[in-house]
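Visitor: here is my input, please return the structure:
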Amino acid sequence: MHAIFSGFLLLYALLAVGTGVIIFFSYFVLVSLGMIRIPSYEQTRIMQAADAIRTGGQVEEKLLPDTCVYGVYGEDGTWLYGNIPAEQRKEVWRQAGTQETTSLYGSFWQRIEKENGSTAMIRYQVMAKFVSPALREIFPNAELVFLGDFVLIIVILTVCMPRRFGRYVDRRLKVLSETAARVEREDLAFEREHSDIKEIDEVLASLHKMKEALQKSLREQWKLEQKKEQQVRALAHDIRTPLTIIRGNAELLAETEDLREIREWDGEILDNIKDIEEYLVILQETMKGEISLEDGCGQAYFPARPWLEEIKEKAAALGRAGKAEILCRLELPEASSGTGAGEASSCFLAGNRTNVSRAVLNVISNGVDYTPADGKVEIHASIVRPGDDGREWLRITVTDQGPGFSGEDLKRGTERFYQGDGSRGHRHYGMGLYIARTFTEEAGGRLTLSNAETGGAQVRIDLPLYQGAFLKD
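Guide: Numbers count the residues shown, from 1 in each chain. Next up, the predicted model:
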């Protein structure tokens, strides 16, 4: 700001000096063209004509400049002739008595003693005058015209330059105020503005940093709200699984009198009510913002075989509730073999056990939903080595007897809220496969969609396996 203000002052000074030079040059051009008489013009002409006036007879006006006033007095001060106004004649003679050149009314008087005893008094002015009588009438002093022009231009510069400086700064401040206003109303989709004023540019930089911080905060807040909404939807969706089992078992209880089956199904109802309670606790924590779908809380290693047995039992309960037959085949080796596979009891999965269970049960629940009544859902679990690194994975394949996936389903089936075109004939909310994929990837695995050779849908979940010896190391 100091440099810009100094620049405006320098411009002001240059314009003022330039104006003075132009006016001074114009003055001398007009003098050289004979349009203006220099201040000493009248005095010089009088001095040149002094001898002629002293020795000559009657003073002739042609000897004097047309701007001079003169009068001739006798030896006793008697007025003889001239063009001095009558009311000034006596005063002029009185001043002449001093025997000096005197100034009267801003003019100078030149006294010349003539040979015949009379005295000539000639008034002249030492100032520049226009040659043109008309201009002289309007502007008696030509110097004052140029001086007035210079003063007028200086006044105009004095008024205009601060206004120009003010408009210049206002334009820069407008960028600042607009940026501040956009930040205030949280309209943050703009790039950083720049100014050629250092102080304003520093404030703009600070506002840009503030904008980025606010934008980041709002983005994180939006993501947090999205995650919270996502978790709530996921929990609301997953609660359907235990509710389905509870409903199915309740219907079965009404149809049987076998005490053993009643106790078994009643135990499943209680287990699933416990699952619902856990889901509600997670839902409460989610509403408080303490966890989200992708937090990965509760990460740990857990044995694969007991977990699969648990999945098998819940899958059977889902099948009973959905009137579908569950065919579950678990191919985890029971002892060491020449293939290098470890014992089943030493195979572990990594991740949040509850979330991994939710992923698999969502896939099984979808298969039951799309399988016609009295149809079959096949669940196959085995150990595979899909890569060249020899790494072992647990592969769980769920195959139903429904209409299968469409081409669009295969591309977008795991997207959040994707509902397809309804060709599979079952209403859903686009959360099941999305939740399954999210929790599978959270555990380091992957989920793949395909269609079985029999025409039904097939979902494959691959989870990395860890051996007990590896964990001890």
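
Visitor: what about the closest residue to A443 other than its chain neighbours, how many neighbours?
Guide: For A443, ignoring the flanking residues on the chain, the nearest one in space by Cβ to Cβ, 6 or more residues apart in numbering is G351 at 3.1 Å. The way it works is simple: take the backbone N, C-alpha and C, and place the C-beta from them, glycine included. G351: 23 surrounding residues under other Cβ atoms under 10 Å.

Visitor: quick one: G351 and E441 touch, right?
Guide: No - if you go by Cβ atoms under 8 Å, G351 and E441 don't touch, sitting 9.9 Å apart.

Visitor: mind giving me the packing neighbours of the helix or strand hosting L14?
Guide: Assigning secondary structure by DSSP states H and E places L14 in helix 2-32. For helix 2-32, the elements it packs on are strand 36-37, helix 142-184, judged by 3 or more Cβ pairs under 8 Å, 6 or more residues apart in numbering; DSSP states H and E.

Visitor: same thing but at 7 Å, please
Guide: helix 142-184 (3 or more Cβ pairs under 7 Å, 6 or more residues apart in numbering; DSSP states H and E).

Visitor: give me the angle between the helix it packs on and helix 2-32.
Guide: 160 degrees (axes from the mean of the first three to the mean of the last three Cα atoms, to 10 degrees).

Visitor: what's the mean pLDDT across helix 142-184?
Guide: If you average the pLDDT over helix 142-184, you get 82.

Visitor: show me what that helix is packed up against.
Guide: Going by 3+ Cβ pairs under 7 Å, 6+ apart, helix 142-184 lies up against helix 2-32, helix 198-238.

Visitor: which one of those lies nearest to L332?
Guide: helix 198-238 (25.7 Å; Cβ to Cβ).

Visitor: looking at the closest one now, give me its mean pLDDT.
Guide: On average, helix 198-238 scores 70.

Visitor: same deal with stretch 392-400?
Guide: Rounded mean pLDDT across stretch 392-400 is 94.

Visitor: for it, what is the distance to the chain centroid?
Guide: 49 Å (Cα atoms, centre = their mean, to the nearest Å).

Visitor: give me the contacts around it.
Guide: 304, 341, 349, 360, 363-364, 367, 370-371, 377-386, 452, 456-465 (Cβ atoms under 7 Å, 6 or more residues apart in numbering).

Visitor: and the end-to-end length of stretch 53-71?
Guide: 12 Å (Cα to Cα, to the nearest Å).

Visitor: that one - what's its average pLDDT?
Guide: 84.

Visitor: check stretch 275-289 too.
Guide: Stretch 275-289 comes out at a mean pLDDT of 63.

Visitor: could you say which helix or strand holds D388?
Guide: Here D388 is assigned to no helix or strand, by DSSP H and E.

Visitor: for it, grab phi and psi.
Guide: phi -90, psi 0 (degrees, to the nearest 10).

Visitor: can you tell me how far it is from T397?
Guide: 22 Å (Cβ to Cβ, to the nearest Å).

Visitor: next one: G57
Guide: Taking Cβ to Cβ, one finds G57 at 145 Å from T397.

Visitor: got it, and Y124?
Guide: Taken as Cβ to Cβ, the span from Y124 to T397 is 125 Å.

Visitor: same drill for these two, tell me which one is more crowded.
Guide: Between Y124 and T397, counted using other Cβ under 10 Å, Y124 has the larger neighbour count: 23 against 19.

Visitor: nearest residue to that one in space, please, no chain neighbours.
Guide: Using Cβ to Cβ, 6+ apart, the nearest residue to Y124 is E42, at 3.8 Å.

Visitor: wait, the one you found sits on T67?
Guide: Yes - if you go by Cβ atoms under 7 Å, E42 and T67 touch, sitting 6.2 Å apart.

Visitor: of the two, who's got more company?
Guide: E42 (25 against 18).

Visitor: could you list the low-pLDDT ranges of the stretch 351-473 of the chain?
Guide: 420-430, 468-473 (pLDDT under 70).

Visitor: the strands in it, which residues?
Guide: Per DSSP state E, counting those that start in this stretch, the stretch 351-473 of the chain carries strands over the ranges 376-384, 393-399, 446-451, 457-464, 466-467.

Visitor: among the ones you listed, which is nearest V21?
Guide: strand 446-451 (84.4 Å).

Visitor: quickly run through the sheet partners of the closest one, with directions.
Guide: Counting by DSSP bridges, the strands paired with strand 446-451 are strand 457-464 (antiparallel).

Visitor: what angle separates the strand it pairs with from strand 376-384?
Guide: Using the same axes, to 10 degrees: strand 457-464 against strand 376-384 is 30 degrees.

Visitor: and the angle from strand 457-464 to strand 393-399?
Guide: Using the same axes, to 10 degrees: strand 457-464 against strand 393-399 is 170 degrees.

Visitor: kindly export strand 457-464 (C-alpha atoms) in CSV.
Guide: The C-alpha atoms that make up strand 457-464 are tabulated as CSV, following Å, rounded to 0.1, in the frame of the first residue of the first chain:
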residue,chain,number,x,y,z
ALA,A,457,-27.0,-65.6,-8.9
GLN,A,458,-23.6,-66.5,-7.4
VAL,A,459,-21.8,-64.3,-4.9
ARG,A,460,-18.2,-65.1,-3.9
ILE,A,461,-16.5,-63.7,-0.8
ASP,A,462,-12.7,-64.2,-0.5
LEU,A,463,-11.1,-63.6,2.9
PRO,A,464,-7.4,-63.8,3.7
